[in-house]
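J.: Provided below for reference: sequence and predicted model.
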Amino acid sequence: MQHFDQDEPPPQNAMSHPGIVAVDITGVFAAAVNTLSPGEIVKDEHFELFESVSALEVMDRKMDSGLLDEGESLDEEYDVTRELLPDEILGIIDQLLCLEMAWHQGYPLSQTILTSVYIEALMNPRPDTLDDVNFTRHSTPPPKESSLLFALRAYCAGLVKACSFVNDTIREETYYEEEDFVTNTYDRDLLCQIPVEAIKDLISDALEQLQAVQALTEIQSTENAQDICQALGSRLRLRLAFLDAVDIPTTLQDLSGNAKLPWEQLRTLIDEIERQHGLGKQVPEAFSTKLQRRLASTMPPRPMVTLSFEETIADFKRFFQNGNEAIDILQYTDPQSLLNYILLYQAQKPQPQIFIRTILQNLLFRDMIVLGRFSIRQLLDHDVSLCVLPCGPHFDRSFDDIEVPTDPRHQVASAMESFRQRIADVYLDTLRILCQNRCRARRLLCHHIQEWDIMETDVGEIEERLQGQLHDVSQGAYQDVGSTFLPLSSWVYLYKLRQMEWVVQLGFELRIYQPDELMGMYYYLKRLASQRAEHIDSVKQTTILREERARQHLKLKNDDPLPEDIDHEFKRSLQHLRISMLDAACTWEFADGLSLLYLAILRLGLLKPPPRPYSTDALRYELRMRPFARVAFPSCPSYEEFKQETEMAEVATTDVLRAAEAGIGAARKGFEAVVRLNDVEEVFSINDTAHKRWIDGAKNCLRATIAAGVAVSTLKRAYEKLKEKETAASGESRGEEEKKAAEQLKLKVVVPEPGEGYHDWWVVPKLSQIK
């Protein structure tokens, strides 16, 4: 831009055109400005906020996409019809691979795939037929295609079609725009109107042409050409396998076990691509952010996202492995195995990317058919039966055929249908929530537990209608259990408690709680886990009693086995109750031990709260308990009760450390028992992969208990040595002694960050001696 002296008038405008008269308004404008007082503005009814903000963007490189450097052209001048060397084609494809992974990570298309000149030439203007999907369709006459440009064309077409599938799959399921993924296509239709079979045929034809070229280069002994042809073939086969892998309807219909084959092929091909990368040559001019000017977007220009090839390959390996494991969910055995699979699958570090998580949702809920085979009724009935009510008369399908309103069987079927309608959406939403990213999952669970709490009341009303008819329809087999047992309400209550525990545990994983708050939150986790353990024990005793009633009803002797189907239901239910009890007990004991350990650390001044001039303990407690404040039962303790039970003012520090040692020791024995469970069915795992993940998690918890035991022993030993040195005549209060002890213990406490400990849910402090 030229600069002029303020005392000299600007040069006359040289514009000359019939019908245009240029008028110099500089003097008039300057005089008008001088009449305004400081701070005064001129507002025109046709010059509103949009125009004013747009005016501010002009000549700002961060906002003005039309700002050009000296000699720079407005449009990208790269010629897509230029001759490309084979290694340059390979380099462009590898760069597209990097951009594709950046897009999967959540960056928009405008900063990734749509920065490719070849992709833009393929899609703009919109192609209507497969013949239009070409780089050279605008040329008249079309130039002769480069010897291997057909491979680049086929690869780009396969990539764009894959992007269309990915976008559609994500949009069909629950996701969060820009938090998880950006689905904006900027008015590019991503070849939606071109059938996928036509794209596959295009890639297959390109592979055949490559084989012909490869045979020719073998005859001519061209240096590196044969290797490059093999590398291009690997990348084209990658595109074919990816299109097969994202075809979810076919995956759901495939009962032959071949649903995982495309993902396995992708995992093999990405290894080949990694080895062949050195054959390519980068062509940076084939990618440009200038293409953003052609996109339908209100966003300012943004730089292209570039990932290193090594990072891209590592991410794709994990991406394909996660996709392969996601198909395991089709090996459904029971609802609790399904729930455990989702929990452990989502707990991976790093978490599977959004597309894989939406595949999981799609497999689960596509067309409201669970895993493509089961109705929602089957899933709900199986879950309730497994958790609290094996062989219950509630699930007898023959009752559905009874149409007499006064018949008890019709009334039971009607009440159960009301239960299913009330529970179905909330139950399925729980599974959807667990498929989200960890931060979003916790946030949604905080609201979702209130839905379960309200639903518990509604289910209780439904169950009251059932109690009168159950004796008649069960012919006495259900009668003597007693009206105090409410299996449907118990099932809802247990799920609600588990979700409340997940909210607290995810808080530890996401480092929501400050180090000085860990004592209180582990106390609350102990409280929840103890209530769950007590309720599971009650359900277990009732299940054992019901099994005995079933024997009496069938007039069996003590040594006679139950009928196989009935025996299987009771056996699986009791197995689940035992595993649930073990999990609740381990959580209870370990949370209690860590709470007491942090209490001792805070008492001795080894961990000091940061200054909080605008906060109080009561306000922070209210904030931490807000997700649970509206839950009717179990109700949150008041702040005074919470403070009294966590601070344990009447208990000496030595006794606190002993209790912490006992709790952590009990948790360690529990996790040792868990690790020894080698039966896949016994621990409710879908397959060996899920079982290994479950065992690995238990081993990490065991390591955390060992580390916590070491921390307690270190603190206990140092504190006891210090107490031995004190004189009996000191006359100091306990508080004064402990304040003095903080200076003499010479211990340093480090609270690990997420990912640094053995398990993210168990934040074990590290104690070390200060020399």
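T.: Everything's here; your move. Bear in mind that the values here come from a model prediction, so they are computed numbers and not experimental data.

J.: Please list all residues in contact with Tyr719.
T.: 600, 604, 653-654, 657, 741, 745 (CB atoms under 8 Å, 6 or more residues apart in numbering). Placement of C-beta: from N, CA and C, glycine included.

J.: and the residues you listed, which are buried?
T.: 600, 604, 653, 657, 741, 745 (16 or more other CB atoms under 10 Å).

J.: which one in the contacts of Tyr719 is the model shakiest on?
T.: Across these, the smallest pLDDT goes to Ala741, namely 64.

J.: List the buried residues for stretch 600-618?
T.: Buried-residue list, stretch 600-618, by 16+ other CB under 10 Å: 600-604, 606-607.

J.: Nearest residue to the middle of the protein?
T.: In the chain, the residue lying closest to the centroid (CA atoms, centre = their mean) is Asn437, at 2.7 Å.

J.: Phi, psi for that one please.
T.: phi -60, psi 160 (degrees, to the nearest 10).

J.: so how far is Trp491 from the residue nearest to Lys349 when sequence neighbours are not counted?
T.: Beyond its immediate neighbours in the sequence, the residue positioned closest to Lys349 (CB to CB, 6 or more residues apart in numbering) is Gly755, lying 6.8 Å away. Applying CB to CB, to the nearest Å, the value for Gly755 to Trp491 is 35 Å.

J.: These two: who's more crowded?
T.: Trp491 (23 against 10; other CB atoms under 10 Å).

J.: In this structure the more buried one contacts Val388, no?
T.: Yes - with contact defined as CB atoms under 8 Å, Trp491 counts as touching Val388 (4.8 Å).

J.: Name the next helix or strand downstream of the lowest-mean-pLDDT helix or strand in the chain, please.
T.: Across the helices and strands of the chain, mean pLDDT, DSSP states H and E gives its lowest value to helix 734-744, namely a mean of 60. Counting by DSSP states H and E, the next helix or strand C-terminal to helix 734-744 is strand 747-750.

J.: Show me what that next one is packed up against.
T.: Judged by 3 or more CB pairs under 8 Å, 6 or more residues apart in numbering; DSSP states H and E, the packing partners of strand 747-750 are helix 688-725, strand 766-769.

J.: Which stretch among the ones you listed approaches Ala157 most closely?
T.: helix 688-725 (34.5 Å; CB to CB).

J.: ok, and for that closest one, which residues are buried?
T.: Buried residues in helix 688-725, counting neighbours by 16+ other CB under 10 Å, are found at 689-691, 693-695, 697-705, 707-709, 711-712, 715-716, 718-719, 722.

J.: For the stretch 451-600 of the chain, give me the ranges with low pLDDT.
T.: 474-483 (pLDDT under 70).

J.: The chain too?
T.: 1-20, 52-76, 137-147, 217-223, 255-256, 474-483, 726-743.

J.: ok, longest helix in it?
T.: helix 564-603 (DSSP state H).

J.: which strands and helices sit next to that one?
T.: Helix 564-603 packs on helix 376-387, helix 518-553, helix 639-647, helix 653-675, helix 688-725, going by 3+ CB pairs under 8 Å, 6+ apart.

J.: by how many degrees do the helix or strand that it is followed by and helix 639-647 diverge?
T.: For helix 564-603, the succeeding helix or strand toward the C-terminus, using DSSP H and E, is helix 617-624. With axes from the mean of the first three to the mean of the last three CA atoms, to 10 degrees as the basis, helix 617-624 and helix 639-647 are set at 90 degrees to each other.

J.: Any buried residues in helix 617-624, and which?
T.: Buried, per 16+ other CB under 10 Å, within helix 617-624: 620-621, 624.

J.: Give the single residue among those residues positioned nearest to Arg420.
T.: For those, the nearest to Arg420 is Arg624 (35.2 Å; CB to CB).

J.: was I right about the closest one contacting Gly520?
T.: Yes - counting by CB under 8 Å, Arg624 does reach Gly520; the two are 7.3 Å apart.

J.: sorry, back to before: just put the helices and strands packed on helix 564-603 in TSV and tack on distance to Glu77.
T.: Formatted as TSV, these follow (distance: least, CB to CB, whole Å):
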stretch	distance to Glu77
helix 376-387	57
helix 518-553	60
helix 639-647	69
helix 653-675	64
helix 688-725	52
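
J.: Determine which two of the contacts of Tyr719 are furthest apart.
T.: Counting by CB to CB, the most remote pair of the contacts of Tyr719 is Thr654 and Leu745, 13.6 Å apart.

J.: Next, count neighbours for Arg239.
T.: Count around Arg239 with other CB under 10 Å applied: 24.

J.: same question, the one 10 residues further on
T.: Burial of Pro249 is recorded as 11 neighbouring residues (other CB under 10 Å).

J.: In which helix or strand does it reside?
T.: helix 248-253.

J.: So which bits of that helix are buried?
T.: In helix 248-253, counting by 16+ other CB under 10 Å, buried: 248, 251-252.

J.: between those, which is nearest Asn184?
T.: Ile248 (22.4 Å).

J.: which residues touch the closest one?
T.: 169, 359, 362-363, 366.

J.: returning to what we had before: would you list the phi and psi of the residue nearest to Lys349?
T.: Torsion angles, degrees, to the nearest 10, at Gly755: phi 90, psi -10.

J.: For it, give its distance to Pro350.
T.: Looking at Gly755 against Pro350, where the rule is CB to CB, the gap reads 10 Å.

J.: Glu274 now?
T.: 19 Å.

J.: got it, and His553?
T.: Taken as CB to CB, the span from His553 to Pro350 is 53 Å.

J.: Check Thr183 too.
T.: 22 Å.

J.: higher neighbour count, those two?
T.: Ranked by neighbour count (other CB under 10 Å), Thr183 and Pro350 place Thr183 first, with 15 against 9.

J.: Which residue ranges of the stretch 301-450 of the chain form helices?
T.: 309-326, 335-346, 354-365, 376-387, 408-434, 438-474 (DSSP state H, counting those that start in this stretch).

J.: Next: the stretch 1-150 of the chain.
T.: Going by DSSP H, counting those that start in this stretch, the stretch 1-150 of the chain shows helices at 26-34, 49-57, 86-104, 117-123, 149-172.
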